[in-house]
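Undergrad: return atomic coordinates for the entry below.
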Amino acid sequence: MRKIDFKYIKPYLYALIIFAIPFLLVPIIKNAKKKASTPQKQTTNKVKEKTANNYVIVIHAGAGNFIKKDISETMEIKYKAKLLEALEKGIDILKNDGHAVDAVENVIKILEDSPLFNAGKGAVFTHNGKNELDASIMDGKTLNAGAVAEVSNIKNPISAARKVMTNSPHVLLVGRGAYLFAKQQNIELVDSSYFFTQKRWDYLQKQIKRNKIEKHGTVGCVVLDKFGDLAAGTSTGGISNKHFGRVGDSPIIGAGTYANNKTCAVSATGHGEYFIRYVVAYDISALMEYKNMTLDSAANYVIKDKLVKAGGDGGIIAVDKDGNIVVCYNTTGMFRAYAKSDGEEKVVLY
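TA: Next up is the predicted model:
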């Protein structure tokens, strides 16, 4: 048998080895990359999970040109206690995996049931001695919205607004139409006398004598829930001594209420005619979406620049998709409260 002379086959062996090396290295490199990327993926998932467990809630009960000396210590305690009660209700819903819209509705119901604020039970009177209430709510996840205006027999207008959002093809129902719809939906109805309070009645008489229309407060709530969804709602009795079926910004989506998961949730309070003309709530969201402004810069530009130049007073509460809170007003005071999932809570009047 002939011996093989390796000096003749060495070049072929080297060529074979060089040609095979890339094929041998590819699976090794792929495996190394996979191992290296695994910890990074796990970290990202943890961050997302943590973010999803965060929630934020902000409440307002009206802005105005009042200062501390205008409110007695007794009334200050009452205002703060009711705001805290509403805030705790929202916290309880959110920390137990409740949704933003649920929190908004239930928080505003507490404020509507109190005679302290200009919404629901505490609504101001029109020139003709009636209570005409407005409310709206919006879901930032779907951009669905509902509202009612000029209602006098619905105990909680915010609940009627939510039913318009979920159980009708419409956004805004007014007057008798809103009443009939609420009746069909088994919303709690009351006699119009339910809304009578002596304090608001006496105030109306003063306004009539002075021939003055007075802007009063509004209540509202904005929420970011654990699922990353935003919602906003607003409810009001309007302005004292108002005439001729006047409707303000509170039930107008984009003016007094707006929510969009891409940007923020906003609830407004103030001189409604200006908030309607300048589409305040939507304007803030649009500046964020189309000009990449932060919530803080957008809100300050709209409330403290555009509105001030136009002659409109009031303010907004807002929370963005990342949980940043903004309370912005061009008056001397604004009743508000907020809470975060990290335990931070605050109730402020001035």
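
Undergrad: how is the protein divided into domains?
TA: Using automatic domain parsing, the domain parsing of the chain gives 1-52, 55-348.

Undergrad: backbone torsions only: list them for Ser341.
TA: Per-residue torsions, Ser341: phi -70, psi -20 (degrees, to the nearest 10).

Undergrad: from Val223, how far off is it?
TA: 11 Å (C-beta to C-beta, to the nearest Å). (Glycine included, C-beta is placed from N, CA and C.)

Undergrad: how about Asn260?
TA: Computed as C-beta to C-beta, the Asn260 to Val223 distance reads 13 Å.

Undergrad: which one's more surrounded, these two?
TA: Taking other C-beta atoms under 10 Å, Asn260 and Val223 do not tie; Val223 has more neighbours (30 against 21).

Undergrad: so the more buried one sits in a strand?
TA: Yes. Remark: Val223 belongs to a strand, assigned using DSSP: H, G, I helix; E, B strand; the rest coil.

Undergrad: who does it bridge with?
TA: Beta-bridge pairing for Val223 (DSSP bridges): Ile57, Ala231.

Undergrad: any residues in contact with both of Asn260 and Val223?
TA: When contacts are counted by C-beta atoms under 8 Å, 6 or more residues apart in numbering, Asn260 and Val223 are jointly contacted by Leu230.

Undergrad: can you pull up the most central residue in the chain?
TA: In the chain, the C-alpha closest to the average C-alpha coordinate belongs to Val222, at a distance of 2.4 Å (C-alpha atoms, centre = their mean).

Undergrad: surely that one meets Ala318?
TA: Yes. Using C-beta atoms under 8 Å, Val222 is in contact with Ala318, at 5.9 Å.

Undergrad: mutual contacts of the two, please.
TA: Residues touching both Val222 and Ala318 by C-beta under 8 Å, 6+ apart: Val58, Cys264, Ala265, Val266, Ser267.

Undergrad: where's the residue nearest to the centre of the chain relative to Ile213, distance?
TA: In terms of C-beta to C-beta, Val222 sits 28 Å off from Ile213.

Undergrad: same check, this time on Val171
TA: For Val171, the distance to Ile213 - C-beta to C-beta - is 27 Å.

Undergrad: settle it for me: which of those two has more neighbours?
TA: Neighbour totals were compared for Val171 and Ile213, and Val171 leads with 17 against 13 (other C-beta under 10 Å).

Undergrad: phi, psi for the more buried one please.
TA: With angles defined as degrees, to the nearest 10, Val171 sits at phi -110, psi -40.

Undergrad: please begin residue numbering at 53 from this point
TA: Got it, the first residue is 53 from now on, which makes the last one we talked about Val223.

Undergrad: so what's it closest to, chain neighbours aside?
TA: Ala197 (5.4 Å; C-beta to C-beta, 6 or more residues apart in numbering).

Undergrad: identify the bridge partners of the one you found.
TA: Beta-bridge pairing for Ala197 (DSSP bridges): Met190.

Undergrad: what's the neighbour count on it?
TA: Ala197: 26 neighbours (other C-beta under 10 Å).

Undergrad: ok, it - contacts?
TA: Ser188, Ile189, Met190, Asp191, Met217, Val223, Ile305, Thr309.

Undergrad: now it: how far from Arg214?
TA: Distance from Ala197 to Arg214, by C-beta to C-beta: 10 Å.

Undergrad: and for these two, which residues touch both?
TA: Joint contacts of Ala197 and Arg214 (C-beta under 8 Å, 6+ apart) are Ile189.

Undergrad: which residues does His151 contact?
TA: Counting by C-beta under 8 Å, 6+ apart, His151 touches Asp277, Phe279, Asp281, Ala283.

Undergrad: for those, work out which two are farthest apart.
TA: The largest separation in the contacts of His151, counting by C-beta to C-beta, is between Phe279 and Ala283 at 11.0 Å.

Undergrad: mutual contacts of Ser393 and Val275, please.
TA: In contact with both Ser393 and Val275: Tyr107, Val108, Leu146, using C-beta under 8 Å, 6+ apart.

Undergrad: per-residue pLDDT, the first one?
TA: Reading off the confidence values, Tyr107 has pLDDT 98.

Undergrad: tell me the secondary structure of the nearest residue to it once chain neighbours are set aside, please.
TA: Nearest residue to Tyr107, sequence neighbours excluded (C-beta to C-beta, 6+ apart): Leu146, at 4.2 Å. State at Leu146, reduced to three classes by three-state DSSP: helix.

Undergrad: quick check: Leu146 vs Ser393, distance?
TA: Separation of Leu146 from Ser393 (C-beta to C-beta): 7 Å.

Undergrad: out of these two, which sits in the busier spot?
TA: Between Leu146 and Ser393, counted using other C-beta under 10 Å, Leu146 has the larger neighbour count: 23 against 17.

Undergrad: OK, contacts around that one?
TA: Leu146 neighbours (C-beta under 8 Å, 6+ apart): Tyr107, Ile109, Ala152, Ala155, Val275, Asp277, Lys278, Ser393.
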